[in-house]
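Undergrad: sequence and predicted model, in that order:
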Amino acid sequence: DRLTKATHGLMDQAKTLTKSDRHFDLGPEHSATHPALRRISSPTELDPVFEEAIFESPVGDVVAELMGCPVKFYHAKINFKFPSTDSAIVQWHQDWTHFPHTNSNLAAISLPMTPRTVENGAIAFVPGSHKNGPLSIWKDGKYVFTCEHDVDPQVLRDARRMEEYHPGLSPNSPECMDKLGVSLAHCESKCENFYDAEEVERVFYPEMEKLLLEYFPGATDALVYNHDVFDKDYEGDRKEDQDNKIPGVNAGYANLVHNDLNDNSGRVRCRELLTKNLRNFGREQHYTEKQADAKMSRRFMSINLAKPMETVRQNPFVLCAWPSFADQPYITNYRVYDDRVGETTRFTYRPNHDWYWLPEQEPTEVSMLKCYDSVTDGSVSRWSFHTACIDPTAPDDAPCRRNVVVRSYVFF
């Protein structure tokens with residue numbers, strides 16, 4: 001009752017307004033006699049009863065229990081769906097796409113103040129749509145807010161058949177990496193337990209460094225500096241321990257098109273590793289600034305290598321080739337840690353993006369993707385984008401992907 005009374009008081013305030021302001025969003029049809037109030041932003045700043053409803057009710061505890069961690073209040077708003085306010089109709093969209101955050105651990109809590117029915121504009125959801133990942137809110141270069149248009153399926157090409165799409169270009173070649181930012185390699189690893197971080201660092205890291213040096217002509221040094229393990233169904237200890245070089249085991253898959261680095265962080269991360277040995281799980285590095293300058297004055301690349309532990313049946317790894325987005329501006333995401341700030345990148349949807357995958361990727365097949373290249377003259381790819389996806393052709397009981405991904409720098 002107190003919330004309803006306070007809300008009606010704010011609605012009366014809105015009747016006196018002639019245009020929207022920081023708190024009150026009015027539709028174009030708004031007037032004092034026919035108010036078209038669409039939403040009130042931050043009502044917690046306008047009446048203490050709303051703050052009380054959030055901080056002195058079970059809401060926070062319920063959300064914390066649901067998320068499995070402490071929670072922090074971000075903002076609140078009141079949405080109105082009046083029959084006479086056509087502009088209050090909101091088409092299919094995703095809230096996440098509009099949030100200015102790189103932390104995806106967010107939840108929106110909706111508390112109805114009146115009964116919700118189909119007739120009065122109840123909120124609706126598309127079951128299973130969370131599996132699609134973020135959808136584009138841009139169409140023909142224009143911001144459109146909704147994502148109804150972004151439903152066309154993307155064609156994924158089998159990377160093993162690269163020469164059919166690019167005659168003369170073998171997927172197992174450095175030329176493929178130079179042109180597309182993606183390529184394939186073969187590895188029969190002697191690592192027996194990829195959940196044992198120490199064994200991975202002792203056995204698998206040197207295997208990958210050897211592979212990189214043999215793969216790229218002219219390479220003089222390769223440094224594998226960390227790794228991630230992905231297994232949704234793993235029942236052991238998943239806990240991450242950076243101080244003891246234990247990455248943990250990821251239960252989720254990155255259903256988000258991204259690149260791990262950008263034009264700035266590709267160089268910054270390399271220098272952090274060489275001069276500070278910062279967050280390095282691999283061979284220790286103790287370069288002086290002058291030595292690092294000399295090493296980085298020549299070409300160097302950041303390469304991720306992904307190897308399955310068993311044949312991939314679901315949640316495959318997919319890669320976007322450089323030429324199809326080379327002219328696109330990218331969107332920087334900041335990842336703030338206690339000892340460093342990382343920068344990753346995203347981009348917006350284009351129907352002609354060139355995507356590749358390995359259907360039923362085998363344990364000996366290593367997919368390689370470029371996250372950074374210091375060469376900027378346009379002669380080679382700078383990076384590629386990647387994501388996980390849902391394979392709609394896989395059986396319902398197909399096991400989720402189990403794989404290890406290592407990150408590296410290759411120096412020439």
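TA: Received the coordinates, thanks.

Undergrad: surely L369 meets L319?
TA: Yes. Using C-beta atoms under 8 Å, L369 is in contact with L319, at 5.2 Å. Yep, even glycine has a C-beta here, placed from its N, CA and C like the rest.

Undergrad: tell me, what's touching those two both at once?
TA: Residues touching both L369 and L319 by C-beta atoms under 8 Å, 6 or more residues apart in numbering: G181, V182, S384, H386.

Undergrad: may I ask which of those residues has the most neighbours?
TA: Counting neighbours by other C-beta atoms under 10 Å, G181 comes out on top of these with 29 neighbours.

Undergrad: phi, psi of that residue?
TA: Dihedral angles of G181 (phi, psi; degrees, to the nearest 10) stand at phi 80, psi 10.

Undergrad: in contact with it, which residues?
TA: Each residue near G181 by C-beta under 8 Å, 6+ apart is listed here: L319, A321, W322, L369, K370, S381, R382, W383, S384.

Undergrad: what does L37 give?
TA: So L37 contacts M11, A14, F24, D25, L26, G27, H30, F80, F82, T85 (C-beta under 8 Å, 6+ apart).

Undergrad: which of those fall within helices?
TA: Secondary structure from DSSP state H places M11, A14 of the contacts of L37 in helices.

Undergrad: what is the neighbour count of M309?
TA: Neighbour count of M309, defined by other C-beta under 10 Å: 18.

Undergrad: where's it relative to P115, distance?
TA: Distance of M309 to P115, given as C-beta to C-beta, to the nearest Å: 51 Å.

Undergrad: can you check R39 too?
TA: R39 sits at a distance of 19 Å from P115 (criterion: C-beta to C-beta).

Undergrad: the more surrounded of these two?
TA: Remark: of R39 and P115, R39 carries more neighbours, 17 against 7, as counted by other C-beta under 10 Å.

Undergrad: what helix or strand does the more buried one sit in?
TA: Per DSSP states H and E, R39 falls inside strand 37-41.

Undergrad: so where's the stretch 101-250 of the chain uncertain?
TA: Applying pLDDT under 70 to the stretch 101-250 of the chain flags residues 101-104, 118-119, 127, 148-153.

Undergrad: helices of that one, start to end?
TA: For the stretch 101-250 of the chain, the helices defined by DSSP state H, counting those that start in this stretch occupy 162-165, 174-180, 197-199, 205-215.

Undergrad: next one: the shortest one to chain centre, how far?
TA: For helix 197-199, the distance between its averaged C-alpha position and the chain's averaged C-alpha position is 27 Å (C-alpha atoms, centre = their mean, to the nearest Å).

Undergrad: who is M368 paired with across the strands?
TA: Beta bridges link M368 to S183, L305, judged by DSSP bridges.

Undergrad: what number of residues lie near P247?
TA: Using other C-beta under 10 Å, P247 is surrounded by 19 other residues.

Undergrad: so what's the closest residue to it other than its chain neighbours bridging to?
TA: Nearest non-adjacent residue to P247, counting by C-beta to C-beta, 6 or more residues apart in numbering: D228, 5.4 Å away. Per DSSP bridges, residues listed as beta-bridge partners of D228: V405.

Undergrad: how about the contacts of G181, which pair is most distant?
TA: Within those, two members stand farthest from each other by C-beta to C-beta: L319 and R382, at 14.3 Å.

Undergrad: those two - which one has more neighbours?
TA: It is L319, of L319 and R382, that has more neighbours when counted by other C-beta under 10 Å, with 26 against 22.

Undergrad: what's the first helix or strand after the strand holding R39?
TA: For strand 37-41, the succeeding helix or strand toward the C-terminus, using DSSP H and E, is helix 48-55.

Undergrad: so how far is that following helix off the chain centroid?
TA: Mean-position distance between helix 48-55 and its chain equals 33 Å (C-alpha atoms, centre = their mean).
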